[in-house]
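Q: Need coordinates for the following:
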Amino acid sequence: MRKTISNYIGVILILIWGLAPFYWMVVTALRDKRHTFDTTPWPTHVTLQNFKDALATNKGNDFLNAIGNSLLIGFLTTLIAVTVGVFTAYALARVDFRGKGIVTGIVLGASMFPGIALVTPLFQLFGDLGWIGQYRALIIPNISFALPLTIYTLTSFFRQLPWELEEAARVDGASRGQAFRTVLLPLAAPALFTTAILCFIATWNEFMLANQLSTNATEPVTVAIARFSGDSHFEYPYASVMAAGALVTIPLIIMVLAFQRRIVSGLTAGGVKA
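A: Coordinates of the predicted model:
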């Protein structure tokens, strides 16, 4: 009984720690901007004006366009990263070839490389190519960050799948590609789904590179929020920023809550050998 109570207390403390910033963001977003710094822990002076200001374009902001940019960048990055990652993970897990350890080490090194060190080289490279402000300058770096996560998650899963399934399909006359497509790929659906969600969220939240490589027409939501301006140069629109943050965070929370079972099953798949 005491252990159960302790577990519940721990879960409640974790929830408070994780959700308190989001809760305060929503409270501030719903509060009249004249009372932005009110410390009352529940909504007071409730208004929706901050959300209208976040979506308005009269101050040079185009938040709806930024949301569309983030959706486009996130979708394409996720699609390419998962497509390339699933084939790479299958090769690393199921195929023996020369240099396999080197490839694995390169993927590991790419995942450990600090993103801040890439800002100047990428800006110089894309500037020379004339790509600054184009979607490919935002998508390609995000793919390089998403691929290591995709490859390692799926490689771990493929290694735990029983070889007998693939061998049985090969005995029945299927090629390696057909066995992969008809037998292994359906079994990998939970891991694919989890990896796709994590890649999309990581791309949606990326700011550092996007801030340097985008323009007003191609900027994602993270950059658009950072550029919000107030009624004057001396006023920072905290309430509008909180409203914009709530608008881009709530859909992610809903998505994670809706697919939490698939996410958990995908992350734990391959963790225990059957």
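
Q: what is the rounded mean pLDDT of the one helix or strand residue 75 maps to?
A: If you go by DSSP states H and E, residue 75 is part of helix 63-94. Taken as a whole, helix 63-94 carries a mean pLDDT of 92.

Q: next one: stretch 10-29
A: 91.

Q: List the buried residues for it?
A: Using 16 or more other Cβ atoms under 10 Å as the test for burial, stretch 10-29 gives 25, 26, 27, 28, 29. No exception for glycine: its C-beta is placed from N, CA and C like everyone else's.

Q: Tell me how far the fourth one lies from residue 61.
A: Using Cβ to Cβ, to the nearest Å, one gets 18 Å for the distance from residue 28 to residue 61.

Q: Could you do the second one as well?
A: Relative to residue 61, residue 26 is positioned 20 Å away (criterion: Cβ to Cβ).

Q: what does the third one give?
A: Note on residue 27: its distance to residue 61, by Cβ to Cβ, is 22 Å.

Q: Also the first one?
A: Distance check for residue 25 against residue 61: by Cβ to Cβ, it reads 18 Å.

Q: In the stretch 101-250 of the chain, what residue spans correspond to helices?
A: For the stretch 101-250 of the chain, the helices defined by DSSP state H, counting those that start in this stretch occupy 119-129, 135-160, 163-171, 176-179, 185-187, 189-205, 208-213, 221-226, 238-258.

Q: For residue 57, which of those is the nearest?
A: In terms of Cβ to Cβ, the element of these nearest to residue 57 is helix 221-226, at 11.1 Å.

Q: Show me what that closest one packs onto, helices and strands only.
A: Contact partners of helix 221-226 among helices and strands, from 3 or more Cβ pairs under 8 Å, 6 or more residues apart in numbering; DSSP states H and E: helix 63-94, helix 208-213, helix 238-258.

Q: and the gap between residue 57 and residue 216?
A: 11 Å.

Q: what do you get for residue 162?
A: Distance, residue 162 to residue 216, by Cβ to Cβ: 53 Å.

Q: Which of these two has more residues huddled nearby?
A: residue 216 (14 against 11; other Cβ atoms under 10 Å).

Q: which residues touch the more buried one?
A: Counting by Cβ atoms under 8 Å, 6 or more residues apart in numbering, residue 216 touches 60, 62.

Q: quick thing: my sequence starts at 4, can you match it?
A: With the count now opening at 4, the last piece we talked about shows up as residue 219.

Q: What backbone torsions are found at it?
A: Backbone dihedrals for residue 219, given as degrees, to the nearest 10, come out at phi -60, psi -30.

Q: most centrally placed residue in the chain?
A: Centrality entry for the chain: nearest residue to the mean C-alpha point is residue 204, 1.8 Å, by Cα atoms, centre = their mean.

Q: show me what contacts it?
A: Here residue 204 is in contact with 255, 259 (Cβ under 8 Å, 6+ apart).

Q: can you give me phi and psi for residue 34?
A: Dihedral angles (degrees, to the nearest 10) for residue 34: phi -100, psi 140.

Q: can you tell me which residues contact the residue lying closest to it once chain neighbours are set aside?
A: Setting aside the residues directly before and after it, residue 34 is nearest to residue 48 in space (Cβ to Cβ, 6 or more residues apart in numbering), at 5.4 Å. Neighbour list for residue 48: 34, 35, 37, 38, 41 [criterion: Cβ under 8 Å, 6+ apart].
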